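>>> pasted the sequence and its predicted model underneath.
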Amino acid sequence: MQTLTMTKKENQFYLAYVEAIYFTDTGEDDEPDTDAEMDQDFMRESMIDCLAMYGRIACYLSDDNVEQAGHDFWLTRNGHGIGYWDRPEIYGQNMAENYTKWAESFGPADPVFDDVTIAQLKIEISQEWGQ
């Protein structure tokens, strides 16, 4: 079996996307700890989405904004109030609008962390069984 390796820029995009997940979805009282491990299936799906998005916009990005584009993919697809559309000075007005449409077409994603999944499962089971 052949293993595929991401390019340096694909990896930068993906790691920035993951960094944005941790920034927006960990550390608060009702969220996982900032060092919580992401679920492997969620990470795989995230990587697939990142490669699809990056493949669509790579030819328009400069070397200086690959990481910002990874952050903005997470922020935009999940409606965090900031993202591609808010950065025309980086991407240009037309491309910022296009990137926004493309990111939104992926739909929102809910991060899954290993420890949260277990905790949620316990709560769901106890509620189901009236405990």
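Received the coordinates, thanks.

>>> name the residues that touch stretch 76-91?
Stretch 76-91 has contacts (C-beta atoms under 8 Å, 6 or more residues apart in numbering) with 24, 60, 65, 68-69, 72-75, 96-97, 99-100, 103-104, 106-109. (Glycine included, C-beta is placed from N, CA and C.)

>>> cutoff 7 Å now
Contacts to stretch 76-91, defined as C-beta atoms under 7 Å, 6 or more residues apart in numbering, come from residues 24, 65, 68, 72, 75, 96-97, 99-100, 103-104, 106-109.

>>> buried set for that stretch?
For stretch 76-91, a neighbour-count test (16 or more other C-beta atoms under 10 Å) marks 76-78, 80, 83-87, 90-91 as buried.

>>> what's the answer for stretch 55-69, then?
The neighbour-count check on stretch 55-69 (16+ other C-beta under 10 Å) flags 57, 61, 65-69 as buried.

>>> same check on stretch 12-21?
Burial within stretch 12-21, assessed by neighbour count using 16+ other C-beta under 10 Å, is assigned to 12-14, 16-18, 20-21.

>>> quick one: those residues as a markdown table, columns for secondary structure and pLDDT too.
Output for the buried residues of stretch 12-21, formatted as a markdown table (DSSP: H, G, I helix; E, B strand; the rest coil; pLDDT from 0 to 100):
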| residue | secondary structure | pLDDT |
| --- | --- | --- |
| Q12 | helix | 96 |
| F13 | helix | 97 |
| Y14 | helix | 97 |
| A16 | helix | 97 |
| Y17 | helix | 97 |
| V18 | helix | 96 |
| A20 | helix | 96 |
| I21 | helix | 96 |
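
>>> against E37, how distant is the closest residue to K9 other than its chain neighbours?
Residue nearest to K9 in three dimensions, not counting chain neighbours: V66, with 5.1 Å by C-beta to C-beta, 6 or more residues apart in numbering. Computed as C-beta to C-beta, to the nearest Å, the V66 to E37 distance reads 25 Å.
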